[in-house]
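In: pasted the sequence and its predicted model underneath.
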Amino acid sequence: MQTVRAPATSANLGSGFDVFGVALDRPMDVVRVEKADRTTIEMSGVGSQYIPEDPDKNVVGAVAEALDAPARIRIDKGVRPSSGLGSSAASAAAAAVGLNALYDRGLSRSELVPAAAEGEAVVSGTAHSDNVAPALLGGFTIARDGAVTAVDASIPLVACLPEIAVSTRDARDVVPESTSMGDLVHTVGSAATLAVGMCRDDPGLVGAGMDERVVTPARAELILGYESVRAAALDAGATGVTVSGAGPAVIAPCRESNRRHVAAAMVDAFAEAGVESRAYQTRVSAGATLYD
Ligand SMILES: Nc1ncnc2c1ncn2[C@@H]1O[C@H](COP(=O)(O)OP(=O)(O)OP(=O)(O)O)[C@@H](O)[C@H]1O
Ligand SMILES: N[C@@H](CCO)C(=O)O
């Protein structure tokens with residue numbers, strides 16, 4: 001048997017739609033795999049009642065098929081599904097690491113990215129890797145044209161998860177099909193600033209580099225209270241605010257000394273909008289970890 005812990009992730013980071021991602025140090029999924037003649041799945045943990053155990057509908061079924069590695073797979077969910085915190089990617093990445101070890105496939109973490117991304121295709125229709133790449137490799141990742149670049153980073157941030165559900169499929173439907181040259185230039189400037197901020201572990205540059213005018217405003221409409229939560233986080237010292245993945249989680253990088261204050265301000269602002277929420281005080285961190 002192999003046991004793997006895989007972290008929540010936050011994709012896009014505003015200016016890096018479908019490209020940027022970070023691994024977070026909490027919450028996380030724990031996945032156990034044992035060799036079997038055919039793949040079976042057992043779910044427990046947060047939101048597991050909403051996740052199918054049928055291998056054709058669960059992300060880990062597609063990963064087992066991609067690696068030709070049938071197994072009894074037990075998933076203890078710590079990352080709530082439809083959260084914007086890479087719930088499906090955490091399970092997919094953990095299964096990829098566990099099955100690779102179980103069957104001695106010898107694949108590197110980078111080589112496991114396409115297999116884990118097959119799981120994402122099951123839920124959103126696209127095998128995008130901006131969540132599975134950081135879940136496998138850790139740190140800050142840039143997923144582009146089938147290649148992934150990973151950078152170690154350790155930026156403190158708050159991930160605030162409201163009690164509303166937004167599916168990735170629905171959130172992709174509101175993304176505009178085209179943009180203006182002015183907005184494109186703005187996005188490139190932000191993305192470059194964010195990438196340098198990650199390399200320098202500079203929360204100020206990372207926050208400034210999240211600013212983006214095309215995808216984020218469209219998706220913010222799906223999150224009740226987003227604008228007041230954003231304003232409250234910035235007032236409390238966040239260096240930037242954006243939608244995490246497809247939402248509804250909202251992330252705010254900050255300096256460590258402000259993190260508790262930012263978390264409280266975001267939860268209070270959601271409460272004023274009539275939405276319960278939970279804030280994770282977290283940081284950019286390591287990827288999936290294999291236990292014996
Ligand atoms: N092992 C799994 N873990 C979580 N969700 C799963 C799993 N297998 C299938 N699903 C389905 O995937 C959907 C959740 O994935 P979705 O991509 O919408 O959310 P997310 O991963 O939290 O978001 P994001 O990718 O924006 O961070 C739910 O419909 C859920 O039933
Ligand atoms: N890049 C993806 C991440 C969510 O799975 C999106 O924003 O739709």
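Out: Arrived safely. Numbers count the residues shown, from 1 in each chain. Ligands and ions are numbered 1, 2, ... in the order given.
In: wait, what's in contact with Ala11?
Out: Contacts for Ala11 (Cβ atoms under 8 Å, 6 or more residues apart in numbering) come out as Asp18, Phe20, Gly21, Gly86, Asp130, Asn131, Pro134, Ser244, Gly245, Ala246. For every residue, glycine as well, the C-beta is placed using N, CA and C.
In: past the worst-scoring helix or strand of the chain on mean pLDDT, which element shows up next along the chain?
Out: Lowest on mean pLDDT, DSSP states H and E among the helices and strands of the chain sits helix 168-173, with a mean of 86. Proceeding N to C from helix 168-173, the next assigned helix or strand is helix 181-199, under DSSP states H and E.
In: need the contacts of Ala11 in CSV (columns: secondary structure, pLDDT and distance to Gly204).
Out: Converted to CSV, those look like this (DSSP: H, G, I helix; E, B strand; the rest coil; pLDDT from 0 to 100; distance: Cβ to Cβ, whole Å):
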residue, secondary structure, pLDDT, distance to Gly204
Asp18, coil, 93, 25
Phe20, strand, 97, 17
Gly21, strand, 98, 21
Gly86, coil, 95, 25
Asp130, coil, 93, 23
Asn131, coil, 95, 25
Pro134, helix, 98, 21
Ser244, coil, 97, 20
Gly245, coil, 95, 23
Ala246, coil, 93, 26
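In: determine which two of those residues are furthest apart.
Out: The span of the contacts of Ala11, defined through Cβ to Cβ, is set by Pro134 and Ala246 at 15.3 Å.
In: out of those two, which sits in the more crowded spot?
Out: For Pro134 versus Ala246, the count of surrounding residues by other Cβ atoms under 10 Å is larger for Pro134: 35 against 26.
In: how close does the more buried one get to ligand 1?
Out: Applying Cβ to the nearest ligand atom, to the nearest Å, the value for Pro134 to ligand 1 is 11 Å.
In: wait, what's in contact with that residue?
Out: Pro7, Thr9, Ala11, Gly21, Val22, Ala23, Gly86, Phe140, Thr141, Ala150, Gly287.
In: just to revisit the earlier point, in a markdown table: the contacts of Ala11, plus distance to Thr282.
Out: Shown next, in a markdown table, are those (distance: Cβ to Cβ, whole Å):
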| residue | distance to Thr282 |
| --- | --- |
| Asp18 | 22 |
| Phe20 | 17 |
| Gly21 | 14 |
| Gly86 | 12 |
| Asp130 | 18 |
| Asn131 | 15 |
| Pro134 | 13 |
| Ser244 | 11 |
| Gly245 | 14 |
| Ala246 | 19 |
